[in-house]
Structure formats: structure tokens, C-alpha cells
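S.K.: Just need the structure, nothing else, for what follows:
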Amino acid sequence: MVGIDSNNGVFLTKEEWETFIRWGIPVRYNRNKKKSFCQICGKPPSKDNPFDHSHMIGYSVGIVTFGLTPDFLNSDENIVSAHRKLCNSKAEITTQDVCEKLKSLGIDKLPDFLPSEIRDSFLNTTL
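M.R.: Numbers count the residues shown, from 1 in each chain. So this is what the prediction gives:
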């Protein structure tokens, strides 16, 4: 299990989280090579619908709601290649799915500074 004490670059500190809340979400760049097929629909890219790197856990939800680090959000576990039109927005998962994904990664607790509703939702999530 991954706990808060070991962090492993998954969660922001309270101070970092408060800074993002106050100043906004950072610009993100992912230089990894894109796949040869869309990981959402399975089709190749086209000239009028190229691929983007899509975050399954979006930056706003990941940072503001769950206190996740930009490094974690840009990790291979959270990035998929998806068509810019339609598939990109379909790649983003729900808050409940985020809870399930974090639990599947062995995370057993969210930071104490997050809102109690999110922590309770996470604790009540079963795989």
C-alpha cells in the first residue's frame, strides 16, 4: 500500500496544494511519443483529427480535488493518446473512477487537507 507518509511523488503537500488553488493550474507539456492508434476508439490519427496526449485524470480534478502532483498527472499511467476531436474529452474519467484508479495503484489514504467529502468518497470506494 502507498501511504501519505511515503508520498512517492503522488500527492502535493498542503502548501503546494494551497499555492495551486490560489495561483492556478500549471501549463503542462508532454513530450512522450504518441501511440499509433487512439486509445479511446482504436482508430489511427488523421490530418483533420490528430492525436493529443490526454489526461485520464484531468489537471483541475487531479490537483484541486485530489491534491495530485503534476508529475503524477503527466505519468504514463495517466496519459493516453486520443483524437483531438471527441476522443480527448472522452478520455477524462469521473471523480469516482479517480478514486478507483488511485485505490488500484495501492493508495489507501488521501491527504488530510483535502475536503472531507472527497476523502469520505475515497474511503467508501471499493474495487
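S.K.: going forward, measure contacts between C-alpha atoms and count neighbours the same way
M.R.: Noted.
S.K.: Least confident secondary structure element in this structure?
M.R.: For the chain, using mean pLDDT, DSSP states H and E, the weakest element among its helices and strands is helix 59, scoring a mean of 87.
S.K.: quick one, phi/psi of the residue in the chain sticking out farthest from the centre?
M.R.: Largest separation from the mean C-alpha position in the chain: residue 47, at 27.6 Å (C-alpha atoms, centre = their mean). Note on residue 47: backbone dihedrals following degrees, to the nearest 10 are phi -60, psi -40.
S.K.: That one and residue 83: what is the separation?
M.R.: Residue 47 sits 11 Å away from residue 83, going by C-alpha to C-alpha, to the nearest Å.
S.K.: Residue 13 now?
M.R.: From residue 13 across to residue 83, the span is 34 Å (C-alpha to C-alpha).
S.K.: Looking at those two, which one has more neighbours?
M.R.: residue 83 (28 against 17; other C-alpha atoms under 10 Å).
S.K.: And the strands in this protein?
M.R.: Applying DSSP state E to the chain gives strands spanning 51-55, 79-83.
S.K.: Between the two ends of stretch 60-73, how far is it?
M.R.: End to end - C-alpha to C-alpha - stretch 60-73 spans 10 Å.
S.K.: And that stretch, what's buried?
M.R.: 60-70, 72-73 (16 or more other C-alpha atoms under 10 Å).
S.K.: cool, stretch 42-57 as well?
M.R.: Buried residues in stretch 42-57, counted by 16+ other C-alpha under 10 Å: 45, 51, 52, 53, 54, 55, 56, 57.
S.K.: from those, which is closest to residue 106?
M.R.: residue 57 (16.5 Å; C-alpha to C-alpha).
S.K.: about what we covered before: distance to residue 126 and pLDDT added to the buried residues of stretch 42-57, as TSV?
M.R.: As requested, the buried residues of stretch 42-57 are exported to TSV (distance: C-alpha to C-alpha, whole Å; pLDDT from 0 to 100):
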residue	distance to residue 126	pLDDT
45	36	95
51	33	93
52	31	90
53	29	88
54	26	91
55	23	91
56	19	94
57	18	95
